[in-house]
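> Sharing a model prediction with you, sequence too.
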Amino acid sequence: MKLAIGCHVMWYEIEMVGEYVDSLIQLIDQVSEEEHKNIYIDFYLNTNTYFEQPVSKDMIEKVIEKFNSQILSQFRYEYLNLTHNISDKFYFIGDYRRDFNNMFAPNTDFLIWGESDCLLPKETYQVLNLIKDYTDQNNSYRYIVTFAVRKMWDESWKVLEHPKFTDAKFKEREEDWENDPSSILYTMSLAEMNKVNEETKEVDLQFIQYPKFDGSGLVISSQLVMAGANIPLGVWACGEDTSFMTVAGKILGGDYKQFIVKNILKVHNRNHPKKRMYVEGMNDEAAHINRENNKSWMKNHKVCETNLHNLNNNTKKLITRKELKDEITKISTNNS
């Protein structure tokens, strides 16, 4: 079994991504050295400053140095396939995941979308081996795999929620979530996730026939991408997971398959305190969750949301990246 795990890292996420790397290391350590040749780890360090400016002129250089010395250097495996790219071009997480899918699908069985604020379970490789054995025996090659999540915001997510958290109350920001591990606002450590997963004695593998997932830690059978499922070019900065969900559902139709590893938790630390570091003008504790005052970024976000909404509406033209850049230039001119 061959799998590729890819992660897009923004320069201001450099202090956060180390925990994601730690989860990768422990995942790899569960696999025999001989099988390391079947694992592909890819990183894209995005140093573009179109929307956020660093606090100092040399900050990007410092980030690159830290990325090389403290992130890439962690992967001291003789046979592991490690690749990376560093660029400041106008490029986003949706672009990366689209390119990652296309690059690695022809030579692997599974693609995994890593994320800077995501923790992958150490049981990943073994669980996917079980699923591959089952699907190969049943001649079923195109599907999605999702690990369990914590308490989400509405009942439609209940099918993905870990049994330890599914009966908890969803906490809004104004509620007491700081000490509640069931809350997606709570920043869960790798040790805490491991403790939850160590309680599992036998994997509970469930199955749905409709798409339901978020992008962090998403597992895609490479055959699904080979069949044409990918992120549309009109979605690049946000909503890439939802757009992929739409395309996958269309391609597979009534034959859509999604395996849910119900009692193995993956973590998406959406509210991580180090989510947006070294950004000019973001000094308060809430800076990592507040971009509303950044007009250029909000325009980018709105364009992607609009395109996502119009994917299935043939009467609406999708907004191009050039049109977005023109709008951002206008905003910059008006602010200067």
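Looks like it came in fine.

> What is the burial count for Val261?
By other C-beta atoms under 10 Å, the residues close to Val261 number 27. Every C-beta, even on glycine, is put in place using the N, C-alpha and C of the backbone.

> Ser332 too?
There are 12 residues near Ser332, going by other C-beta under 10 Å.

> Could you do His309 as well?
12.

> What values do phi and psi take at it?
Per-residue torsions, His309: phi -60, psi -30 (degrees, to the nearest 10).

> Next one: it relative to Ile71, how far apart?
The gap separating His309 from Ile71 is 36 Å, by C-beta to C-beta, to the nearest Å.

> same question, Thr49
For Thr49, the distance to Ile71 - C-beta to C-beta - is 20 Å.

> neighbour-wise, which of these two wins?
A direct count of neighbours by other C-beta under 10 Å for Thr49 and Ile71 places Ile71 higher, at 19 against 15.

> any idea of the pLDDT on the residue lying closest to the more buried one once chain neighbours are set aside?
Leaving aside its chain neighbours, Ile71 sits nearest to Val21 (5.7 Å; criterion: C-beta to C-beta, 6 or more residues apart in numbering). With respect to pLDDT, Val21 has a value of 98.

> Three-state assignment for Val21, please.
helix (DSSP: H, G, I helix; E, B strand; the rest coil).

> again, but for Asn263
strand.

> That one against Leu205, yeah?
No - applying C-beta atoms under 8 Å as the test, Asn263 and Leu205 come out as separate, 9.1 Å apart.

> between those two, who's got more neighbours?
Neighbour count, other C-beta under 10 Å: between Asn263 and Leu205, Asn263 has more, with 20 against 16.

> I'd like the distance between that one and Asp58.
47 Å.

> now swap in Ser296 and tell me
Distance from Ser296 to Asp58, by C-beta to C-beta: 23 Å.

> same thing with Leu160?
Taking C-beta to C-beta, one finds Leu160 at 43 Å from Asp58.

> where in the stretch 151-300 of the chain is pLDDT low?
Along the stretch 151-300 of the chain, the parts satisfying pLDDT under 70 run over 283-290.

> Quickly find the element holding Glu323.
helix 321-335 (DSSP states H and E).

> how about the strands in the chain?
Counting by DSSP state E, one finds strands in the chain at the ranges 3-10, 39-46, 81-87, 110-113, 118-119, 144-148, 205-208, 219-221, 258-265, 267-268.

> which residue ranges form the helices in this structure?
Listed in chain order, the helices of the chain (DSSP state H) span 17-29, 59-66, 93-104, 124-137, 190-198, 222-226, 240-252, 295-309, 321-335.

> what helices or strands is the third one leaning on?
Read that as helix 93-104. strand 3-10, strand 39-46, strand 110-113, helix 222-226, helix 240-252 (3 or more C-beta pairs under 8 Å, 6 or more residues apart in numbering; DSSP states H and E).

> Tell me the spacing between Cys170 and Ser182.
Careful, residue 170 is Phe; it's not Cys. 9 Å.

> who touches both of those two?
Common contacts of Phe170 and Ser182 (C-beta atoms under 8 Å, 6 or more residues apart in numbering): Lys151.

> Output the helices of the chain in TSV, with distance to Asn271 appended to each entry.
What follows is these, written out as TSV (distance: least, C-beta to C-beta, whole Å):
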stretch	distance to Asn271
helix 17-29	14
helix 59-66	22
helix 93-104	18
helix 124-137	23
helix 190-198	15
helix 222-226	31
helix 240-252	18
helix 295-309	18
helix 321-335	27
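
> and Ile5, what is it in contact with?
Going by C-beta under 8 Å, 6+ apart, Ile5 touches Leu24, Ile39, Tyr40, Ile41, Asp42, Ile112, Gly114, Leu120.

> Test of understanding: give the bridge partners of the residue lying closest to it once chain neighbours are set aside.
The shortest distance from Ile5 to any non-neighbouring residue, by C-beta to C-beta, 6+ apart, is to Ile112 (4.4 Å). Per DSSP bridges, the residues bridged to Ile112 are Ile5, Val219.

> ok, Ile112 - contacts?
Ile112 neighbours (C-beta under 8 Å, 6+ apart): Leu3, Ala4, Ile5, Gly6, Leu120, Thr124, Gly217, Leu218, Val219, Ile220.

> tally of neighbours for the last one?
Using other C-beta under 10 Å, the number of residues around Ile220 comes to 25.
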